[in-house]
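Visitor: generate a structure from the sequence data that follows.
(2 chains)
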Amino acid sequence: MQAAIGHAPHTPAPGDHDYAVTGIDSRKLGMWGFLASECLFFGALISSHLLYRARAPQGVKIPHDVYDIPYTSVSSFVLLMSSLTMVLALAAIQRNDHRRLRIWLLATAFLGTVFIGGQVYEFTVFTHHGVNLSSSVAASSFFVLTGFHGVHVTVGILWLLSLVGISLRGKLPTENHLQVEIAGLYWHFVDVVWILIFTVVYLVPNKH
Amino acid sequence: MAVAVTRAPARPFARPKAEHGFWSWISTVDHKRIGILYGVTAFLFFLVGGIEALLIRGQLAQPNGKVLTADEYNQLFTMHGTTMVFLVIMPLAAAFGNYFVPILIGARDVAFPRLNAFGYWVFLAGGGLLYSSFLFGGAPNGGWFGYAPQTNPTFSPGHGIDFWLVGLVVTGIGSLTAAANFIVTTLNLRAPGMTLMRMPVFVWMNLVVSFLLLFAIPIITVALFELYFDRNFGSNFFNANLGGDPVLWQHLFWLFGHPEVYILILPAMGIVSEVLPVFSRKPLFGYSVVVFSGIAIGFMGWGVWAHHMFAVGLGPVANSAFAASTMFIAVPTGVKIFNWLATTWGGDLRLKTPMLFALGFIGMFTIGGLSGVTHSIVPSDYQQTDTYYIVAHFHYVLFGGAIFGLFSGAYYWAPVVTGKLLDEKLGKAHFWLMLIGFNLTFGPMHVLGLQGQPRRTYQYPKGMGWDFWNLISTIGALTIALSILMFIINILKTARNPERAPQDPWDGRTLEWTIPTPPPEYNFAEIPVVHSRDDFWHRKYTEDETGRLVRIPAGGSDDAEDHEHHGHEEHGHGHGIHMPSPSYFPALASLGIMIVGYGAIYLKSGHWWLMAIGGVVVLAGIFGWGNEPLAEEH
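Guide: Model (predicted):
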């Protein structure tokens, strides 16, 4: 646990809502539980893709034939950098620096948006190459997996932007830094999942 | 919670104030009222699922039955299975969990009260979606496990399967939030001294189930999404023409589906582990072994799923491995059965209704467990697959097991929830009729299955030698219906009976018997300090040198009266106790999810706009939720 910052420390007693036997705030523990569940969600999607990655009718391209690894490497790098800015945002609010909190939250959301833009562009290019949701099971599993990841990033962006809005209205005081930390947990998780997807789906060689 | 409210927050509605009546139930965030909502809703679904079962048995009472058409029959067995699993046993377990887990660990509420309400409303939305299919062109008819390719658009045109897919995704959201909530509540909100190994076994089993849900629900969600995409967006996950593999569906479904079996049975095992010690007046035999067996079942439950798929052709290596793991998982289960028997051994047994149901649970579950072990023998399973033998087996574990256990809990805990005891005579009539009816219904199915009667077939011809046992089975089903009628009469009679139950009618062992009944909103006027397992028992009894139980004279240590005193004093708004305020937003967000669900079901017919409207409602719910503090400042 971080030491209480600034204000007089409030020690929750048994029966209080913020009482925590484990010493981990309930909201944080709940988020860890949710992320554990998400591991299985992406696990099942990745497994489906691993089973199907090379399956396509004769002469039909699979996603592996149209990957642009340098391009996706750049967008992956952008997403990874957003984890850095997320950490800086949390550090800012813990230092009581609310202007920098908003700057770093916006930077994180911006980097996330760049990644999503890259994914939309990538999907469009793939479609022009004849690789779409219906063209093969390999493509179906690719688009559903990366699409769900994209949805997660999008939800994260909306979350970060609402935090900026809450902060602008003066309702994200320093003692509520846990709200930023929890959003950060989610954001880092989505980044980590992408590292896995990029490695397993894009980088591992594929026989057609 | 320290939330600084400097000015009135922007929100669409005023905070609900009603303490009674319709709107108080819509907006409640009290774990006990949510528990009651779960219980009542699930019981109504139980009646509906039961009527479906009766129609099925009516059809099968005689050869060449004419009660139902083939299509109606398919819809009914699909909805019967889906209802009993997702809309009855799971929410009934959630009902007991919601009501009793916080009380049993000495807490005032769950960790996330509004999320808790949201879980209930989402479950109701999912159930509503599923059942509205009867009004909109026919219910799902692909069986409760919805095997591909039967469920693809070619073989299942219409929207029935879409209702099933979307309905289950939506109820899954509710299960997931409930699971996360229970885990955090159990880990974080225990009263001082309530260490993990002092928790009642029911709380333990509920915790194990929550972890199972947390990891199993996302797997079926992926399977449901993949099939949904196949049906609505032209993907090919289960389209064999393009290399899609229907066996992938089976793996994903049963990788969820087998842990699901333990999700259904472990709460009942927890209830029975509470009831047996109380009515034997002995501590649970081998508490830690029972707890660790439950945890072991939770882990091993992930390694047995392919025994549902022996006949698919996974090959001898996979089949042997899963056969072995299936035999292994019988070990912790058997350990528990011996522990329960040892608990009753030499005990001062009182055969009240809850105890009868608990003993019935042990007997029937053991039969179901043993027939389950026969499935683990692969060649034997080849003969049993898709016959009535399987139907017999899983009804012995899920009806004879889970439902008997849940009824045991209902009779046992009714005095806490209502302040009244259910009638013993009617309760015993309920038990014996149900035990006899249950065995008449499902016992003969073992024989029918071994004689080769296939399940999920709407008619059978004359002269197969199946007529007699099918008729017996139908008579048994009617007997079960009669027993449920006894239960309903019992509830109505008890509701009219003004007589209140004593504070601690069963001479209980755990914290729920230390507080006034029905409990005040805040449960405990003063948070208890726990000194041992079965804490309340040890406050009441001690042992003399010969090991005989001696009642501690009422006085200093009799906290029960003390609590009651406090309870009355602080009735209404306990001063100093700050409970979360009611909220409309969990119900509103769930309503939005339901509208999104309809949009998703009718996507192909161009009703995407429903998704947009629903999405706005969901966002409004979340916005309002985020903008209101958990508890209003007084």
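Visitor: render the CA-only coordinates of stretch B:123-140 in CSV, please.
Guide: Provided in CSV are the C-alpha atoms of stretch B:123-140 (Å, rounded to 0.1, in the frame of the first residue of the first chain):
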residue,chain,number,x,y,z
PHE,B,123,-29.1,-12.0,-14.5
LEU,B,124,-32.7,-11.1,-14.8
ALA,B,125,-32.1,-9.3,-18.1
GLY,B,126,-30.4,-12.5,-19.4
GLY,B,127,-33.3,-14.7,-18.2
GLY,B,128,-35.8,-12.3,-19.8
LEU,B,129,-33.9,-12.3,-23.1
LEU,B,130,-33.9,-16.1,-23.1
TYR,B,131,-37.6,-16.5,-22.2
SER,B,132,-38.8,-13.8,-24.5
SER,B,133,-37.7,-16.1,-27.4
PHE,B,134,-41.0,-18.0,-26.9
LEU,B,135,-42.8,-14.8,-27.9
PHE,B,136,-40.6,-14.0,-30.8
GLY,B,137,-40.7,-17.0,-33.1
GLY,B,138,-39.5,-19.9,-31.0
ALA,B,139,-37.1,-20.7,-28.3
PRO,B,140,-33.5,-22.1,-28.9
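Visitor: contacts for that stretch?
Guide: B:38, B:41, B:45, B:48, B:71, B:75-76, B:78-79, B:82-83, B:86-87, B:91, B:94, B:146, B:158-161, B:163-164, B:166-175, B:590-591, B:593-594, B:597-598, B:601 (C-beta atoms under 8 Å, 6 or more residues apart in numbering or on different chains). Placement of C-beta: from N, CA and C, glycine included.
Visitor: pull out the buried residues from those residues.
Guide: Buried members of the contacts of stretch B:123-140, counted by 16 or more other C-beta atoms under 10 Å in any protein chain shown: B:38, B:41, B:45, B:48, B:75-76, B:78-79, B:82-83, B:86-87, B:91, B:94, B:146, B:159-161, B:163-164, B:166-175, B:590-591, B:593-594, B:597-598, B:601.
Visitor: so where is the chain shaky, pLDDT-wise?
Guide: Because you didn't say which chain, this covers chain A. A:1-10, A:207-208 (pLDDT under 70).
Visitor: hm, I was asking about chain B
Guide: For chain B (pLDDT under 70), the answer is B:1-13, B:554-575, B:633-634.
Visitor: need the longest helix for it.
Guide: helix B:246-280 (DSSP state H).
Visitor: near chain A, anything from that one?
Guide: Yes. Helix B:246-280 is in contact with chain A by C-beta under 8 Å from any C-beta of the partner chain, via B:Leu248, B:Leu252, B:Leu255.
Visitor: please apply the same query to stretch B:506-520.
Guide: No. Against chain A, stretch B:506-520 shows no contacts by C-beta under 8 Å from any C-beta, the least distance being 12.9 Å.
Visitor: tell me the buried residues in that stretch?
Guide: Buried-residue list, stretch B:506-520, by 16+ other C-beta under 10 Å: B:506-517, B:519-520.
Visitor: and that stretch, how far out from the chain's middle?
Guide: The chain centroid and the centroid of stretch B:506-520 are separated by 23 Å under C-alpha atoms, centre = their mean, to the nearest Å.
Visitor: count residues in the vicinity of B:Trp609, would you?
Guide: Around B:Trp609 there are 10 other residues, counting by other C-beta atoms under 10 Å in any protein chain shown.
Visitor: from what I see, it and B:Gly599 are in contact.
Guide: Yes. Contact criterion C-beta atoms under 8 Å: B:Trp609 and B:Gly599 qualify, at 7.1 Å.
Visitor: quickly find the element holding A:Leu178.
Guide: Counting by DSSP states H and E, the element that carries A:Leu178 is helix A:177-197.
Visitor: all helices of chain A, in order?
Guide: Using DSSP H, helices in chain A cover A:26-52, A:63-66, A:69-94, A:98-128, A:137-168, A:177-197.
Visitor: out of those helices, which is closest to B:Asn339?
Guide: The closest of the helices of chain A to B:Asn339 is helix A:26-52. By C-beta to C-beta, the value is 29.4 Å.
Visitor: what's the burial count for residue 124?
Guide: All of this is about chain A. 9.
Visitor: the chain in question should be chain B.
Guide: Neighbours of B:Leu124 (other C-beta under 10 Å): 23.
Visitor: so the helix or strand that contains it versus helix A:26-52, what angle?
Guide: Using DSSP H and E, B:Leu124 sits within helix B:113-132. Calculated by axes from the mean of the first three to the mean of the last three C-alpha atoms, to 10 degrees, helix B:113-132 forms an angle of 40 degrees with helix A:26-52.
Visitor: following helix B:113-132 in sequence, what is the next regular element?
Guide: Trace forward from helix B:113-132 with DSSP H and E and the next one is helix B:160-188.
Visitor: list the helices and strands that next one packs on?
Guide: Judged by 3 or more C-beta pairs under 8 Å, 6 or more residues apart in numbering or on different chains; DSSP states H and E, the packing partners of helix B:160-188 are helix A:26-52, helix B:70-82, helix B:90-104, helix B:113-132, helix B:201-233, helix B:585-601.
Visitor: mind putting the ones you listed into JSON lines with distance to A:Gly165?
Guide: Shown next, in JSON lines, are the helices and strands packed on helix B:160-188 (distance: least, C-beta to C-beta, whole Å):
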{"stretch": "helix A:26-52", "distance to A:Gly165": "19"}
{"stretch": "helix B:70-82", "distance to A:Gly165": "41"}
{"stretch": "helix B:90-104", "distance to A:Gly165": "34"}
{"stretch": "helix B:113-132", "distance to A:Gly165": "21"}
{"stretch": "helix B:201-233", "distance to A:Gly165": "30"}
{"stretch": "helix B:585-601", "distance to A:Gly165": "18"}
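Visitor: report how many residues lie close to B:Phe292.
Guide: 14.
Visitor: contacts only, for the closest residue to it other than its chain neighbours.
Guide: Excluding its sequence neighbours, the residue lying closest to B:Phe292 (C-beta to C-beta, 6 or more residues apart in numbering or on different chains) is B:Pro332, at 7.9 Å. By C-beta under 8 Å, 6+ apart, B:Pro332 lies in contact with B:Phe292, B:Ser293, B:Gly294, B:Ala296, B:Ile297, B:Met300.
Visitor: and the second one, what are its phi and psi?
Guide: The one in question is B:Ser293. Here is the backbone geometry of B:Ser293 (degrees, to the nearest 10): phi -60, psi -40.
Visitor: B:Asn141 now?
Guide: phi -140, psi 30.
Visitor: for the one 3 residues further on, same thing?
Guide: Backbone dihedrals for B:Trp144, given as degrees, to the nearest 10, come out at phi -70, psi -20.
Visitor: ok, it touching B:Leu76?
Guide: No. The criterion here is C-beta under 8 Å, and B:Trp144 misses it with B:Leu76 at 11.7 Å.
Visitor: what residues does the stretch 501-634 of chain B put near chain A?
Guide: Residues of the stretch 501-634 of chain B lying near chain A (C-beta under 8 Å from any C-beta): B:Tyr522, B:Phe524, B:Ile527, B:Ile577, B:His578, B:Pro580, B:Gly626, B:Leu630, B:Ala631.
Visitor: and what about the fourth one, helix, strand or coil?
Guide: The three-state label given to B:Ile577 by DSSP: H, G, I helix; E, B strand; the rest coil is coil.
Visitor: please name the residues that touch B:Ile219.
Guide: A:Leu40, A:Phe41, A:Gly43, A:Ala44, B:Leu252, B:Leu255, B:Phe256.
Visitor: any chance of those in TSV, with distance to B:Leu284 and neighbour count too?
Guide: Putting the contacts of B:Ile219 into TSV (distance: C-beta to C-beta, whole Å; neighbours: other C-beta atoms under 10 Å in any protein chain shown) gives the following:
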residue	distance to B:Leu284	neighbour count
A:Leu40	32	19
A:Phe41	37	20
A:Gly43	36	16
A:Ala44	37	24
B:Leu252	37	23
B:Leu255	32	23
B:Phe256	31	27
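Visitor: reformat those residues as CSV; add distance to A:Phe123.
Guide: Rendered in CSV, the data for the contacts of B:Ile219 read as follows (distance: C-beta to C-beta, whole Å):
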residue, distance to A:Phe123
A:Leu40, 25
A:Phe41, 21
A:Gly43, 23
A:Ala44, 22
B:Leu252, 25
B:Leu255, 29
B:Phe256, 29
